[in-house]
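**Q** only geometry, no sequence info:
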């Protein structure tokens, strides 16, 4: 199978769209994030001890801004895209995530991997994320040892401060049973059962 | 140098082939893995304290299914491809791996990096992996602390159970000297000296 | 927007240029590194407790060879490129780094992420890195526990031995205040305040 120039350009632009997404969530770049989703975007993240389900661009931006806040160290690296063009203006994509989330409040650390299934739509001003869901492959939770020094923390300056954050309970539901061992403290603003 | 449409399409398809490989080994997707190799594939992995050497698609599938089993947490992320088209129907590729393997039986954890050298062949139904070898760059072995909670474990449900696993001693040879410190327990089904 | 064949080829070659860079620094491949920069390359790395600033290919090669030496375990994985062609022979690029640096001398470990902003220039023999800068997003420093066994260490054999390393104080400046906690030992040859 030989792609056309337009198809190869679409693949390039769809990959870059998702690359921007990951960079912007870890740097709380809400201005640029606002350009990446369709207005009717739907989200369904099935984590280890949480589920995120929401729809609409405004809700997504609110969720991201209140999740990756000034007390969070966040790394979201999306790898190994498998993009399929499903129509002239639509595409689907599979990505393999590695992520780290550390709350500097209680030093809880979540590390994990997940496989994304996305849908993209071509809009007047370019490709946008129309749907994104993932399933966890690995998830580990522990507490960052006191011997670990935090020597860079970008979100501290640009992420939302406590008084600016939304109640996210309308976006997040919790597993029936909390699988995290009792020794793990909780950050109430992060997707963990409170 | 300017690529043709066919060459750019080949590069795209070869990258996606390897992306599928990494996703499928960590999710024990044997059905899809069966489509990724030539029948005469050859494998040569030079790890820190093990070597894997085998040939033939059936052996490769058996090795993968018995390695990434129901007691394993596995992450294999292949990065930064350098693909060279070496003929109309052949190509070579360099990839840089980051991997994590945790045995939930004894909580042994292996983390590492490696550089792959692959060869690909165009078959009737698309590009296939014909040869894959790697050398380790970093390899660390320790034991997951009891304070780490495992909150997602995808392979637990889809990976092979103990009674389904093969004896893999025909595929794996061990370093003369066991470099892992005496404090490390061993998972006998994982590539470590027993 | 639809790219031309030449533009798609340029994007491909620029990505591969940077992929080679990351592979070669972690394997001390100075021969290949010498082919990757313009003679007037400029570098500006803003780490958590260090800054690297230098110009000129010879200085860059000297810096890399003395940084990733025989007592270092190094992983530099550059992810999620966003490449813009800014002229027929010039381009810019954004990359998202994950890196690990362990000194085997004192077992100090630095893990982190950073966002690169690069500029590339087409030269007679292909694309070259003309400028590279990054800002840290996360940086953590701790000491590798004695329970961690190092079972592969590629740079031990190919990296510069102590007597071959340069004084790098002309390339590195240190933060006013050392943010690393007092319990962290230092490797004097690595970018940390001595």
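**A** Structure received. Computed from a prediction, not measured in an experiment: that's the story for all the values here.

**Q** which stretches of chain A form strands?
**A** For chain A, the strands defined by DSSP state E occupy A:37-46, A:50-55, A:72-87, A:90-103, A:108-123, A:126-143, A:149-153, A:172-174.

**Q** now these as a markdown table including mean neighbour count and distance to residue B:22?
**A** From N, CA and C alone the C-beta is placed, and that goes for glycine too. Compiled in a markdown table, the strands of chain A are given as follows (neighbours: other Cβ atoms under 10 Å in any protein chain shown; distance: least, Cβ to Cβ, whole Å):
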| stretch | mean neighbour count | distance to residue B:22 |
| --- | --- | --- |
| strand A:37-46 | 17 | 21 |
| strand A:50-55 | 17 | 25 |
| strand A:72-87 | 19 | 6 |
| strand A:90-103 | 21 | 7 |
| strand A:108-123 | 20 | 11 |
| strand A:126-143 | 20 | 11 |
| strand A:149-153 | 21 | 29 |
| strand A:172-174 | 16 | 29 |
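
**Q** Take these and lay them out in TSV including mean pLDDT and distance to residue A:22.
**A** Shown next, in TSV, are these (pLDDT from 0 to 100; distance: least, Cβ to Cβ, whole Å):
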stretch	mean pLDDT	distance to residue A:22
strand A:37-46	98	14
strand A:50-55	95	16
strand A:72-87	98	5
strand A:90-103	98	8
strand A:108-123	98	10
strand A:126-143	98	11
strand A:149-153	96	18
strand A:172-174	88	20
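
**Q** For residue C:160, which of these is the nearest?
**A** Taking Cβ to Cβ, strand A:149-153 is the member of these nearest to residue C:160, at 25.4 Å.

**Q** That closest one - which strands sit beside it in the sheet, and in what orientation?
**A** Paired strands of strand A:149-153, with direction, are strand C:126-143 (antiparallel) (DSSP bridges).

**Q** just how off-centre is the partner strand within its chain?
**A** Distance of strand C:126-143 from the chain centroid (Cα atoms, centre = their mean, to the nearest Å) equals 6 Å.

**Q** go on, stretch A:96-108?
**A** 12 Å.

**Q** Please apply the same query to stretch A:77-92.
**A** Worked out by Cα atoms, centre = their mean, stretch A:77-92 lies 17 Å from the chain centre.

**Q** is chain B contacted by that stretch?
**A** Yes - counting by Cβ under 8 Å from any Cβ of the partner chain, chain B has neighbours in stretch A:77-92: A:79, A:80, A:81, A:82, A:83.

**Q** Among those, which one sits closest to chain C?
**A** Closest approach to chain C among the residues of stretch A:77-92 next to chain B (Cβ to the nearest Cβ): residue A:79, at 6.8 Å.

**Q** residues touching that closest one, list them.
**A** Taking Cβ atoms under 8 Å, 6 or more residues apart in numbering or on different chains, we find residue A:79 in contact with A:95, A:96, A:97, A:98, B:19, B:77, B:78, B:79, C:79.

**Q** Look up the residues forming beta bridges with the last one.
**A** For residue C:79, the residues forming beta bridges with it (DSSP bridges) are residue C:96.

**Q** so residue A:13 touches residue C:1, yeah?
**A** Yes - counting by Cβ atoms under 8 Å, residue A:13 does reach residue C:1; the two are 7.3 Å apart.

**Q** Settle it for me: which of these two has more neighbours?
**A** A direct count of neighbours by other Cβ atoms under 10 Å in any protein chain shown for residue A:13 and residue C:1 places residue A:13 higher, at 17 against 9.

**Q** hmm, back to that, joint contacts of residue A:13 and residue C:1?
**A** residue A:126.

**Q** related to what we said a few turns ago, could the residues of stretch A:77-92 next to chain B go into TSV alongside distance to residue A:148?
**A** Formatted as TSV, the residues of stretch A:77-92 next to chain B follow (distance: Cβ to Cβ, whole Å):
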residue	distance to residue A:148
A:79	25
A:80	29
A:81	32
A:82	35
A:83	37
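
**Q** ok, the residues you listed vs chain B, which is closest?
**A** residue A:80 (3.7 Å).

**Q** Ignoring the adjacent residues along the chain, who's closest to the closest one?
**A** Of all residues not flanking residue A:80 in the chain, residue B:19 sits nearest, at 3.7 Å (Cβ to Cβ, 6 or more residues apart in numbering or on different chains).

**Q** Return the residues in contact with the one you found.
**A** Applying Cβ under 8 Å, 6+ apart, the residues near residue B:19 are A:79, A:80, A:81, A:82, A:96, B:78.

**Q** Can you name the residues bridging to residue A:140?
**A** Beta-bridge partners for residue A:140, by DSSP bridges, are residue A:111, residue B:150.

**Q** Test my guess that it contacts residue A:111.
**A** Yes - counting by Cβ under 8 Å, residue A:140 touches residue A:111, with 5.1 Å between them.

**Q** and chain A, which residues reach chain B?
**A** So chain A meets chain B at A:1-5, A:8, A:11, A:47-49, A:79-83, A:94, A:96, A:98, A:110, A:112-113, A:115, A:135-143, A:179-181, A:183-184 (Cβ under 8 Å from any Cβ).

**Q** Give me the average confidence score over the longest helix anywhere in chain A.
**A** Secondary structure of chain A per DSSP state H: the longest helix is helix A:5-26. On average, the pLDDT along helix A:5-26 is 98.
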